[in-house]
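below are the sequence and a predicted model for it; my questions follow.
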Amino acid sequence: TTTTTTADTSVRFLELRGGNQDSLDSTTPNNGTTVESFTPPIFEKTPDEETFIERVLEANFLFQDIISTIEEEQEEQEQEAEGQQQRQQKQQESQDQSQQSPKTSSSNDKKRRSSRSRRHGVDPNPLDRIIQAFERAEYPQGSYLCRQGDENADYLHIVYNGDCRVIIDGTSLPIPYGTMTRGSLIGDVGMLLDRPRAATIVTESPVVTVFRLDRKSFQHFLFYNNNNNNNN
């Protein structure tokens, strides 16, 4: 019989939860065609809630990769649009030299409006779509966000308000490893690698508020990211 100490359990949890950046290149979502055609849901949020989710995602290694791909794509789009604007500007200047300065100013204004429209209207930022797909949910004390060994967990969670307790092999981990607080992301590695959950997470506060992303939406965004990487 092997005895598992609290220290061993803590190390195991940190290793399992740490993930591996290389796994992004080797992991392919199941049922690619279905994931590709799936449309993630949209849930309304306040500006503060959107900012909160954005900051959590930007600090996570998996979503850092997705965000990096998004930024590269946007930069390419903006460079292409800028080149087109410059070509149009030169054509206009050659047609009407007397109005060169006003046309230049107008072109710059249109270029700025074009960039904003791509971000906020015509071509929404994919990061915004990820944020929109997170659903707000509240759990009473003693609720299980996930159980160790779960193979088909439906959500990954971001803790918005309240505390959760971490349990591995029936043992509660000591502070700070044993507490998931505001900003903690739960279930990202398990969902990415499609592995059983490494720990049991139980809500400890009277009410714990989270933002959660369902599995199919997660796979959709991961599929989007992998496709962009493969096309580069």
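Received it, and whenever you're ready, just let me know what you need.

could you use CA atoms for every contact and neighbour count after this?
Noted.

what's in contact with the helix or strand hosting Asp128?
Element membership for Asp128 (DSSP states H and E) is helix 126-133. Applying Cα atoms under 8 Å, 6 or more residues apart in numbering, the contact partners of helix 126-133 are 40-45, 50, 53-54, 67, 70, 213, 217, 221.

want to throw those into CSV with secondary structure and pLDDT?
Output for the contacts of helix 126-133, formatted as CSV (DSSP: H, G, I helix; E, B strand; the rest coil; pLDDT from 0 to 100):
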residue, secondary structure, pLDDT
Pro40, coil, 90
Pro41, coil, 93
Ile42, coil, 95
Phe43, coil, 96
Glu44, coil, 95
Lys45, coil, 96
Glu50, helix, 96
Ile53, helix, 96
Glu54, helix, 92
Ile67, helix, 69
Ile70, helix, 66
Leu213, strand, 96
Ser217, helix, 91
Phe221, helix, 81
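
for those, which one is nearest Tyr139?
Leu213 (15.2 Å; Cα to Cα).

could you measure from the nearest residue to that closest one once chain neighbours are set aside over to Phe218?
Sequence neighbours aside, Phe134 is the residue nearest to Leu213 in space, at 4.8 Å (criterion: Cα to Cα, 6 or more residues apart in numbering). As for Phe134, its distance to Phe218 is 10 Å (criterion: Cα to Cα, to the nearest Å).

which of those two has more neighbours?
Counting neighbours by other Cα atoms under 10 Å for Phe134 and for Phe218 shows that Phe134 has the greater number, 27 against 22.

count the neighbours of Pro206 for me.
11.

the residue nearest to Leu213 contacts Arg215, correct?
No - between Phe134 and Arg215 there is no contact under Cα atoms under 8 Å: 11.0 Å.

Asn161 and Glu204 touch, don't they?
No - taking contacts as Cα under 8 Å, Asn161 lies outside contact range of Glu204: 11.1 Å.

of these two, who's got more company?
Counted by other Cα under 10 Å, Asn161 and Glu204 do not tie: Glu204 has more neighbours, with 20 against 16.

phi, psi of that one?
phi -110, psi -30 (degrees, to the nearest 10).

next one, pLDDT for it please.
pLDDT recorded at Glu204 is 97.

which residues in the protein form strands?
Assigned by DSSP state E, the strands in the chain fall at 135-140, 144-146, 155-161, 164-168, 171-172, 179-180, 185-186, 200-203, 207-214.

just the helices in this structure please.
6-18, 23-26, 32-37, 47-58, 61-95, 100-120, 126-133, 188-193, 215-231 (DSSP state H).

tell me, which of those is the model least confident about?
helix 23-26 (a mean of 36).

my guess is Leu213 contacts Glu135. True?
Yes - Leu213 is within contact range of Glu135, at 6.4 Å (criterion: Cα under 8 Å).
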